[in-house]
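Undergrad: I'll drop the sequence and a predicted model, then ask my questions.
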Amino acid sequence: QVQLVESGGGLVQAGGSLRLTCAASGRTFSTYIMGWFRQAPGKEREFVATISRSGYNTYYADSVKGRFTISRDNGRNTVYLQMNSLKTEDTAVYYCAAAANEGFIAVVASKYDYWGQGAQVTVSS
């Protein structure tokens with residue numbers, strides 16, 4: 001089993017940057033596909049980014065492509081989401097997730113087995 005804890009959220013002005021960190025417990029972190037999702041008030045949870053077990057493969061939602069970067073450090077059991085050029089529409093609770101299924105990446109929430117508690121990101125105009 002994996003426990004995930006997000007940190008790094010906060011309030012930032014539009015155009016600014018934030019880096020989210022997700023720390024995972026357990027010795028098998030490198031066996032999980034990792035992903036970031038977000039949920040804005042009144043909206044469904046949506047996919048943001050995913051990274052393969054090795055970190056070699058990544059995939060992004062069109063809405064964040066070119067602005068966000070997902071990365072992982074298997075030695076530190078940590079996955080990151082660097083968010084640049086933030087927009088007000090990026091305001092949401094951001095969730096880290098781990099998937100044990102086969103394949104290189106996963107973009108569907110139902111494929112993920114473990115979730116963090118979420119970190120609030122608020123972008124002001």
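TA: Arrived safely. Numbering: from 1, shown residues only.

Undergrad: C-alpha from now on. contacts and neighbour counts both.
TA: Will do.

Undergrad: how far away is Gln120 from Ala106?
TA: Here the distance between Gln120 and Ala106 works out to 23 Å (C-alpha to C-alpha, to the nearest Å).

Undergrad: okay, those two: which has more neighbours?
TA: Relative neighbour count places Ala106 above the other of Gln120 and Ala106, with 24 against 20, counting by other C-alpha atoms under 10 Å.

Undergrad: residue nearest the centroid of the protein?
TA: Trp36 (2.3 Å; C-alpha atoms, centre = their mean).

Undergrad: burial count for the residue nearest to that residue when sequence neighbours are not counted?
TA: Nearest residue to Trp36, sequence neighbours excluded (C-alpha to C-alpha, 6 or more residues apart in numbering): Cys96, at 4.7 Å. Using other C-alpha under 10 Å, Cys96 has 31 other residues around it.

Undergrad: ok, now Ile33?
TA: Ile33 is flanked by 25 other residues according to other C-alpha under 10 Å.

Undergrad: surely it meets Val108?
TA: No. Using C-alpha atoms under 8 Å, Ile33 is not in contact with Val108; the gap is 11.8 Å.

Undergrad: if we can go back for a sec, how much space between the residue nearest to Trp36 and Thr50?
TA: Counting by C-alpha to C-alpha, the gap between Cys96 and Thr50 amounts to 10 Å.

Undergrad: hmm, back to that, you'd agree the residue nearest to the centre of the chain is in a strand?
TA: Yes. Read with DSSP: H, G, I helix; E, B strand; the rest coil, Trp36 is one of the residues of a strand.
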